[in-house]
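> sequence first, then the predicted structure:
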Amino acid sequence: MNSSHNTVPDVGAWFIGARGSLATTATIGIHALSAGLVEPTGLVTETDAVRDAAFPPIAGIVVGGHDISDTPLVEKAFALADGGMFPASLVEKVRSALVATEQNIRRVPSGLTTQQEEIDLLAADIRDFRDRHGLREVVVVDVSSTEPLPPYHPGFESDEVLTAALRTPGVRILPPSSRAAAAAVAAGVAYAAFTPSASLNLPALRDRADRAGIAYAGQDGKTGETLLRTVLAPMFAARGFSVRSWAGTNLLGGGDGATLADPEAVRSKLVSKNRGLHALVGDDVVAPLHIDNVPDLGDVKTAWDHVHAAGFLGSRVTLQTTWSAYDSALAAPLVIDLVRALALATRAGHAGVVADLGCFFKDPWGSDVHAFAEQTTRFVDWTLRTSASLAHATSASTGRAEDLASPVRAPEPVTAP
C-alpha cells in the first residue's frame, strides 16, 4: 500500500455532496487506509498493474466539500454502519478523523441575488481549503444526488450569454451540479463528475475548463450493472452471437432510491446506463431498463439482467445475471482512485479531459470506448506513461525537480469576457 502514517498531506479531495452516503464511505475509507486499519480492496490504483505508479499516497489526502445537509459525518457514518455498509467499530476508530474533516465541509450557499455570486463563494471555499492546508492539488468530485436535466438555455453553448445570465439578478439557469463544476473551473482545480447530472457536460462550461487548463473526467461512475454489461457484451460480439434484447431491472432504497423515484431525475441515469450497451451490441437491441425505489433495501442495490441472443443456426442463447452489493461501497474506492489519478494528471501538466479514465464511467467523456477490458488497458497504459513522463521531468534538471516538489498553485481563474 502506498499510504504512510507519516505522509505530509498534499492533495485535497473536495466532495460535492460531502455528507452523503458515497462521500462519507469514501472519507471513512481514506482515513482507515491512512491509519492502516484496512486493506485497499477495490482500489484500482492499488492493483498490481499500477501499484508502483506515481499516484499520491492515500495518507496524503485531505477531505473537504460542500453539502446542503448539516448532518454530522459521525452520525451519518454510524447510520451507514447500522445498515451494514461497514462495521461500527471502524467508524469508532476513525471518529476523531471524521470530526476533523467536519471543519472542512461548507454549506452550499443559497438565496443570493445572482448565480455568479453563488459560484464565486463556492470557488472561494475551495481556494481557502487549498491554501489552509498548503495543498499541491485539489480534486473536486461530484458525488451528489442525481438531478433532473435542466431546461435548455442558449447560455449552455455561449460563454458570453452564460456570463450575462449568471450575473443577472433572479435568473437561474444552471443546476447545482453545474454551479459546482463552474466553481471548480474558477478555482483552477481538477474535476470529476461521478453522477449523470449536467455538471460540466455543458459546452460553455467545458470550454471554460479547457481554457483554464484543468484536468477533468466524467461521467457517471460505473460500479455495478453497467460494469457487468461492459464486460459481458464484448464476449457476445467476439463470439459472433447476435444479441436481440438486454433487459434490466434495478432495485434500490436509501437516498438514491428516493431521488431516482423522480421520473425527471432518473431520465439522465437511464440514458447513461444504456449508452454503453448500445455502443457495444448495436442500436437495434431492445433494451428496456427500470429503476425502482424499494425503501426497505436501504443502501443495498440489486440489479437483474436478462439477455437473449441468437446463436448458430438461429438457436436461442439466454443469460440471466444478478448483481447485489452496497452501491456506495462499490463506488467509494473508485472515487479515491479518481482523486489520485487526477492529482497525477495535474502534476504531469495534463490539461483538458482525461479520456483514459473511461474505465471509471458509464458514459466516458472524450472516448467512445465502452468495453471494460479495453478501457482498463488504456488506463494502465496512461498511468505508466504519465508516471514515466513525470519522473523524466523531475530528473531533467534540479530546478525542475524542486518545482515539482513544492506546492503547485492552480492556474489563474478563468473570467468571462
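Cool, got the structure.

> show me what counts as buried in stretch 133-149.
For stretch 133-149, a neighbour-count test (16 or more other Cβ atoms under 10 Å) marks 133, 135-149 as buried. All C-beta spots, glycine's among them, are computed from the backbone N, C-alpha and C.

> the residues you listed in strands, which ones?
137-142 (DSSP state E).

> want to throw those into TSV with pLDDT and distance to Thr249?
Output for these, formatted as TSV (pLDDT from 0 to 100; distance: Cβ to Cβ, whole Å):
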residue	pLDDT	distance to Thr249
Glu137	97	40
Val138	98	39
Val139	98	34
Val140	98	33
Val141	98	28
Asp142	98	26
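
> out of those residues, who's nearest Ala388?
Glu137 (19.3 Å; Cβ to Cβ).

> centroid-nearest residue for this protein?
Phe194 (2.9 Å; Cα atoms, centre = their mean).

> which residues does the residue lying closest to that residue once chain neighbours are set aside contact?
Closest residue to Phe194 apart from its sequence neighbours, by Cβ to Cβ, 6 or more residues apart in numbering: Gly221 at 4.4 Å. Neighbouring residues of Gly221 by Cβ atoms under 8 Å, 6 or more residues apart in numbering: 194-195, 331, 334-335, 360-362.

> tell me which two of those residues sit farthest apart.
Longest span within the contacts of Gly221, Cβ to Cβ: Val335 and Lys362, 14.5 Å.

> any idea how far the helix or strand harbouring His308 is from the middle of the chain?
Assigned by DSSP states H and E, His308 belongs to strand 300-310. The chain centroid and the centroid of strand 300-310 are separated by 24 Å, computed with Cα atoms, centre = their mean, to the nearest Å.

> list the beta-bridge partners for the residue nearest to Phe194.
Beta-bridge pairing of Gly221 under DSSP bridges involves Phe361.

> what does Val140 give?
Trp14, Tyr191.

> contacting residues around it?
14-16, 126, 180-181, 183-184, 187, 189-192.

> what do you get for Gly17?
With contact taken as Cβ under 8 Å, 6+ apart, Gly17 is in contact with 23, 65-67, 142-145.

> any idea how far His31 is from the closest residue to Ser34 other than its chain neighbours?
Counting by Cβ to Cβ, 6+ apart, Ala59 is the residue found nearest to Ser34 once chain neighbours are left out, at 3.9 Å. Ala59 sits 9 Å away from His31, going by Cβ to Cβ, to the nearest Å.

> more crowded one of the two?
His31 (25 against 20; other Cβ atoms under 10 Å).

> pull the contacting residues for the residue nearest to the centre of the chain.
22, 141-143, 218-221, 331, 334-335, 338.

> please compute how far the host helix or strand of Ala164 lies from its chain's middle.
Following DSSP H and E, one finds Ala164 within helix 159-166. Taking Cα atoms, centre = their mean, one finds helix 159-166 lying 27 Å from the centre of the chain it belongs to.

> one more: stretch 359-368?
Distance of stretch 359-368 from the chain centroid (Cα atoms, centre = their mean) equals 11 Å.

> pLDDT averaged over it, what's the number?
For stretch 359-368, the mean pLDDT works out to 96.

> repeat that for stretch 166-178.
Average pLDDT, stretch 166-178: 97.

> tell me the pLDDT at the residue nearest to Phe194?
At Gly221, pLDDT is 96.

> likewise for Leu205?
As predicted, Leu205 sits at a pLDDT of 98.

> right, and it touches Ala186 too?
No - using Cβ atoms under 8 Å, Leu205 is not in contact with Ala186, being 10.5 Å away.

> got a list of contacts for the host helix or strand of Val231?
In the assignment (DSSP H and E), Val231 maps to helix 225-238. Outside helix 225-238, the residues within contact range by Cβ under 8 Å, 6+ apart are 222, 243, 246, 248, 250, 273, 276-277, 280-281, 303, 305, 307, 309, 319, 321, 323, 362, 370-375.

> keep only those of these that are in helices.
Using DSSP state H, the members of the contacts of helix 225-238 that fall within helices are 273, 276-277, 280-281, 372-375.

> what subset of those is buried?
Buried among the ones in helices among the contacts of helix 225-238 (16+ other Cβ under 10 Å): 273, 276-277, 280-281, 372, 375.

> related to what we said a few turns ago, find residues that contact each of Leu205 and Ala186.
With Cβ under 8 Å, 6+ apart as the test, Leu205 and Ala186 reach no residue in common.

> would you map the strands across the stretch 51-200 of the chain?
Here the stretch 51-200 of the chain has its strands, by DSSP state E, counting those that start in this stretch, at 61-67, 105-107, 137-142, 190-193.

> okay, those strands, which one's buried deepest?
Greatest average neighbour count among the strands of the stretch 51-200 of the chain goes to strand 190-193 (a mean of 30), per mean count of other Cβ atoms under 10 Å.

> if we look at that strand, which residues are touching it?
So strand 190-193 is contacted by 137-142, 177, 181, 184-185, 199-201, 209, 214-220, 335, 338-339, 342-343, 345-346, 357, 365 (Cβ under 8 Å, 6+ apart).
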